[in-house]
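Asks: okay, predicted coordinates and the sequence, questions at the end:
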Amino acid sequence: QVQLVESGGGLVQAGGSLRLSCAPSGRTLSNVPMGWFRQAPGKEREFVAGIGSSTAYADSVKGRFTISRDDAKNTVYLQMNSLKPEDTAVYYCAAARFLLGPQALSTPNHYDYWGQGTQVTVSS
């Protein structure tokens, strides 16, 4: 069983930056699709960014967030710049066992493994 561990969340002022990290424990996940999702209180979980053979972003974060991976470190990152209060949520990392096309990256049901989440709070 693969466990994903997120880190890097915290409290930041609007306009600030954070970098989230996600690494699997127990095994290596090289070249598998990875994604970041978030869930704010009272709202459904939503797609933020994904990386497979290409990258995909939610419209709300395009130009502000960047997803990347370092296979040597077996880690996926989410660099978040120009943060807004509406970015406040629990952020979850996810991994898929099979290749996903660009559109499929945004669908939670296509992912097989999930982390426990890390809280990101952006103050105004």
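Replies: Sure, I can see it. Numbers count the residues shown, from 1 in each chain.

Asks: where does the residue most central in space within the chain sit, in terms of helix or strand?
Replies: The chain has W36 as the residue nearest its centroid, 2.1 Å off, counting by CA atoms, centre = their mean. Assigned by DSSP states H and E, W36 belongs to strand 34-39.

Asks: run me through the strand neighbours of that strand, direction for each.
Replies: Counting by DSSP bridges, the strands paired with strand 34-39 are strand 46-51 (antiparallel), strand 89-95 (antiparallel).

Asks: which among those strands is found nearest to G15?
Replies: Comparing the strands paired with strand 34-39 by their distance to G15 (CB to CB), the top pick is strand 89-95, with 17.4 Å. Just so you know, the C-beta spots here come from the backbone N, C-alpha and C atoms, and that holds for glycine as well.

Asks: including distance to V120, could the strands paired with strand 34-39 go into a markdown table?
Replies: A markdown table is the format used below for the strands paired with strand 34-39 (distance: least, CB to CB, whole Å):
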| stretch | distance to V120 |
| --- | --- |
| strand 46-51 | 10 |
| strand 89-95 | 5 |
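
Asks: now those strands as TSV including distance to N74 and mean pLDDT?
Replies: As requested, those are exported to TSV (distance: least, CB to CB, whole Å; pLDDT from 0 to 100):
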stretch	distance to N74	mean pLDDT
strand 46-51	14	97
strand 89-95	11	97
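
Asks: let me have these in TSV, extended by mean neighbour count and distance to A72.
Replies: Formatted as TSV, the strands paired with strand 34-39 follow (neighbours: other CB atoms under 10 Å; distance: least, CB to CB, whole Å):
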stretch	mean neighbour count	distance to A72
strand 46-51	22	15
strand 89-95	22	17
